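Student: okay, sequence plus prediction incoming.
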Amino acid sequence: MSDFAVLRAPGQVLFGTGMAAAAGPIAAGYGARALVISDRTIAATAGFASVRDALVAAGVEIVLFDGATVDVPMATIDAAVALGKQREPDTIIAVGGGSVIDLAKVTALLLAHDGPLSRYYPVQSLPGPILPLIALPTTAGTGSEVTPVSVITDDETAMKVGVASPHLLPRHAICDPLLTLGAPPTVTAHSGIDALSHAIEAYTAAREQPSPELVLDRPQVGKNLLSDGLALTAARYIAANLVRAVEDGDDVEARAGMLYGSLLAGLAFGNSGVSAAHALQFAVGAATHTSHGLGTGLLLPYVMEFNRPARPAEIDELGAAMGGGDAVEIVHELGRRIGLPASLEAIGLEREQLRGLAEASVAIKRLIDNNPRPLDVDSLEAILDAAWHGQPAQLAVVVS
């Protein structure tokens with residue numbers, strides 16, 4: 001199998017302290033009115049004020065929607081789209097975490113294309129560009145500012161659904177570490193470990209035979225050279241800075257390291273895709289109403305151990321990048337140090353629920369098929385059972 005590389009990214013990525021001021025001139029280049037999407041907590045911060053001031057200084061009229069909520073329910077999407085249709089903005093600006101940016105993506109989609117949103121659930125079903133989108137992340141975690149995916153909650157299934165298309169990529173990603181200073185420790189921990197999951201799942205993703213059809217028919221194409229380089233560097237930065245950022249939220253150096261790691265991880269998995277940890281989290285999160293990052297971070301070492309036989313060299317390389325030692329043990333210990341629960345039992349799951357969660361997860365084929373080892377209901381249940389007991393080594397029996 002020959003090497004190949006794919007990189008789809010925003011037209012412009014700006015990283016560094018103070019870069020939020022660029023939002024005004026960039027938005028003005030699209031027109032006089034911007035729909036700014038955020039949530040009420042972020043909209044009251046000094047970081048948001050710096051973006052607002054930059055827009056005002058550039059002569060851009062602000063139409064504010066600050067009703068974003070976690071997991072992006074359809075009612076929130078409908079409200080944001082209704083405001084957009086009423087005020088007809090020239091561009092959309094997202095200032096917030098992953099849910100805010102994901103909301104902005106589907107709002108920009110539905111302001112450019114007829115609904116309902118469900119018609120765009122199939123991969124590559126979006127027919128053309130969305131309204132111009134500028135994304136400014138306030139957490140170091142989701143990488144949504146550079147990915148072609150928006151994760152929302154479907155009303156009918158109460159499960160998260162990923163809308164995926166290269167057209168969903170923001171035109172501009174502005175990553176200013178100063179915007180992340182207000183994130184509380186729990187948000188920092190959960191979003192940060194999610195970013196590590198993005199990096200590791202990208203680096204260990206399934207590898208497919210490269211072809212024009214592969215890269216043109218799918219927004220995420222599995223393991224490839226560009227994603228590999230980005231993912232390994234992301235893992236190094238995140239492992240070195242996550243505990244520091246959680247313990248001291250005013251540590252600008254740690255915040256910058258985390259945001260840079262999250263950015264690189266987003267670019268990596270935005271092209272390679274993620275796999276089992278994310279598929280399982282969709283079911284676990286729906287059952288426990290726990291955060292996305294908590295779920296992916298808790299499940300990650302167990303998925304890594306399950307995948308070790310298929311990616312032994314990558315597991316070793318990740319361990320070296322994250323400071324030396326076994327990568328599974330490093331990730332498992334990192335989760336404990338930032339306060340993740342010790343097991344699935346600790347977040348309220350009964351062991352009898354695991355089979356049903358495995359059955360729900362195996363249906364998320366976009367993620368299941370991207371895992372380097374084949375997955376079925378039995379193997380997913382084995383991963384969940386090890387996570388329920390809090391023992392990654394339990395999976396060594398399964399893989400031997």
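Tutor: Perfect, I can see it now.
Student: what are the ranges of the strands in the chain?
Tutor: 12-15, 33-37, 61-65, 91-96, 133-137, 149-153, 160-164, 172-175 (DSSP state E).
Student: report all helices and strands that the fourth one contacts.
Tutor: Contact here means 3 or more Cβ pairs under 8 Å, 6 or more residues apart in numbering; DSSP states H and E; on that basis strand 91-96 packs against helix 23-28, strand 33-37, helix 40-43, helix 46-57, helix 98-110, strand 133-137. The way it works is simple: take the backbone N, C-alpha and C, and place the C-beta from them, glycine included.
Student: try it again at 6 Å.
Tutor: strand 33-37, helix 98-110, strand 133-137 (3 or more Cβ pairs under 6 Å, 6 or more residues apart in numbering; DSSP states H and E).
Student: ok and the second one relative to strand 91-96, angle-wise?
Tutor: Pointing back at helix 98-110 there. 170 degrees (axes from the mean of the first three to the mean of the last three Cα atoms, to 10 degrees).
Student: who does helix 98-110 touch, helix- and strand-wise?
Tutor: strand 33-37, helix 74-87, strand 91-96, strand 133-137, strand 149-153.
Student: the ones you listed: lowest mean pLDDT?
Tutor: The stretch with the lowest mean pLDDT among the helices and strands packed on helix 98-110 is strand 149-153, at a mean of 93.
Student: in its sheet, what does that strand sit against?
Tutor: The strands that strand 149-153 pairs with in its sheet are strand 160-164 (antiparallel) (by DSSP bridges).
Student: going along the chain, name the helices of the stretch 301-400 of the chain.
Tutor: Counting by DSSP state H, counting those that start in this stretch, one finds helices in the stretch 301-400 of the chain at the ranges 312-321, 327-337, 354-362, 365-368, 377-389, 395-399.
Student: may I see the buried residues of the fifth one?
Tutor: Within helix 377-389, the residues scored as buried using 16 or more other Cβ atoms under 10 Å are 377, 379, 380, 381, 382, 383, 384, 385, 386, 387, 388, 389.
Student: burial count for the residue lying closest to the last one once chain neighbours are set aside?
Tutor: For residue 389, the nearest residue in space outside its immediate sequence neighbours is residue 343; the separation is 6.3 Å by Cβ to Cβ, 6 or more residues apart in numbering. As a burial measure, residue 343 scores 15 neighbours (other Cβ atoms under 10 Å).
Student: just residue 86 next, same as before
Tutor: 9.
Student: ditto for residue 373
Tutor: Look at residue 373: counted by other Cβ under 10 Å, it has 17 neighbours.
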